[in-house]
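Trainee: predicted model, plus sequence, below.
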Amino acid sequence: MTILYFTATGNSLHIAKSVGGQLYSIPQMIKNETFEFKDDKIGLVFPIHSISVPKYIKEFLEKVTLECNYLFAIMTYGIYSGSAATNLVEIGEKAGLKFNYINTIKMVDNWIPGFDMDKQIQGEPKKQVPKQLELIKADIEESKNKIKEGNPVSKLITKKMVKANATPSTKDSLMFNRSGAGIKNFMIVENNCKKCGICIKVCPVNNITRKNKNVKIALGNNCINCFACTHNCPTNSIRIKGEKSRARFRNHDVELYEIIESNN
């Protein structure tokens with residue numbers, strides 16, 4: 001079994017490791033231009049962004065060739081998954097990919113502008129992640145055919161969000177996946193930054209650089225709003241305007257070096 005995953009704070013990596021098989025980091029595959037995979041079962045594990053499939057994952061699926069007998073996807077989310085599964089099915093169809101199984105798993109939401117990380121972490125036990133995970137693993141082991149489709153309302157909400165993400169805007173917004181270079185207008189690096197370069201190493205799209213020993217956030221136009229840089233900063237010195245708290249999150253079953261290895 002082959003698992004292709006994308007992680008910023010460890011949630012999706014934890015799920016990928018738990019499902020098992022040979023793991024491949026999507027950021028690494030993109031950087032190495034490796035887009036062909038063949039196995040009996042192939043799975044994708046990634047977070048839902050803006051109640052839909054992240055543009056980063058969509059672009060990967062448009063390039064990749066997946067030869068398998070069983071194609072599945074597990075998407076992580078924190079509060080509301082909308083109809084992201086239907087969105088993924090549509091993306092797959094356009095890319096020539098037919099999913100046999102798509103499910104979602106509720107975990108800590110690391111979206112700093114919208115949620116207090118302290119409260120999210122405290123509420124994690126109520127989400128019963130191990131129980132959700134065991135049910136999904138059993139489905140995949142049995143090669144079940146199942147797509148977690150949303151109701152008409154959730155489909156409409158996700159459709160509107162996808163349209164908003166695709167609409168050019170002259171106004172920077174953290175609420176959509178259209179941030180690009182504008183993300184720098186929402187980030188502040190405090191003076192306690194030690195210039196350790198961890199943010200550079202965990203950024204999946206090489207959007208953070210070092211110049212004259214200083215770390216430059218969002219120098220390029222590649223930012224995908226994953227917040228790996230701020231959540232994994234050892235000195236907690238990367239602030240997001242409008243954040244609900246100074247608390248940050250990394251999945252307790254994943255070490256920092258694993259995220260570095262995944263995204264560097």
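Mentor: In hand now; what should we look at?
Trainee: strands of this structure, start to end?
Mentor: For the chain, strands defined by DSSP state E occupy the ranges 2-5, 22-25, 36-38, 41-47, 65-67, 70-77, 101-106, 146-147, 187-189, 209-211, 214-216, 238-240.
Trainee: what pairs with the last one, parallel or antiparallel?
Mentor: The one in question is strand 238-240. Counting by DSSP bridges, the strands paired with strand 238-240 are strand 187-189 (antiparallel).
Trainee: then the fifth one?
Mentor: For strand 65-67, the pairing partners within the sheet under DSSP bridges are strand 36-38 (parallel).
Trainee: what's the answer for the longest one, then?
Mentor: Applying DSSP bridges, strand 70-77 is found paired with strand 41-47 (parallel), strand 101-106 (parallel).
Trainee: chain center to the shortest one, what's the gap?
Mentor: Here strand 101-106 shows a centroid-to-chain-centroid distance of 14 Å under the convention Cα atoms, centre = their mean, to the nearest Å.
Trainee: please work out which residues outside that strand touch it.
Mentor: Under the contact criterion Cβ atoms under 8 Å, 6 or more residues apart in numbering, strand 101-106 has outside partners 15, 48, 70-78, 81, 84-85, 88-89, 127, 129, 132-133, 136, 139-140, 143-148. Bear in mind the C-beta positions are built from the backbone N, C-alpha and C, glycine included.
Trainee: from those residues, list just the buried residues.
Mentor: Among the contacts of strand 101-106, those scoring as buried are 15, 48, 70-78, 81, 84-85, 88-89, 127, 129, 132-133, 136, 139-140, 148 (criterion: 16 or more other Cβ atoms under 10 Å).
Trainee: any idea which of the strands of the chain is most buried?
Mentor: For the strands of the chain, ranked by mean neighbour count under the definition mean count of other Cβ atoms under 10 Å, the leader is strand 41-47 at a mean of 25.
Trainee: below-threshold pLDDT in the chain: ranges please.
Mentor: 167-185, 213-221 (pLDDT under 70).
Trainee: ranges for the helices of it?
Mentor: The residue ranges that make up the helices of the chain, judged by DSSP state H, are 11-19, 26-32, 55-61, 84-94, 117-122, 129-141, 152-166, 198-202, 228-231, 256-263.
Trainee: which residues does the residue nearest to the spatial centre of the chain bridge with?
Mentor: Closest to where the C-alpha atoms of the chain average out (Cα atoms, centre = their mean) is residue 47, at 3.6 Å. When bridges are taken as DSSP bridges, the partners of residue 47 come out as residue 76.
Trainee: ok, now the one 5 residues further on?
Mentor: Counting by DSSP bridges, residue 52 is bridged to residue 49.
Trainee: surely it and residue 87 touch.
Mentor: Yes: Residue 52 sits in contact with residue 87 when judged by Cβ atoms under 8 Å, with a separation of 4.8 Å.
Trainee: more neighbours: which of these two?
Mentor: The neighbour comparison of residue 52 against residue 87 (other Cβ atoms under 10 Å) goes to residue 52, with 29 against 23.
Trainee: residue 155 versus that one, what's the distance?
Mentor: With the distance defined as Cβ to Cβ, to the nearest Å, residue 52 ends up 11 Å from residue 155.
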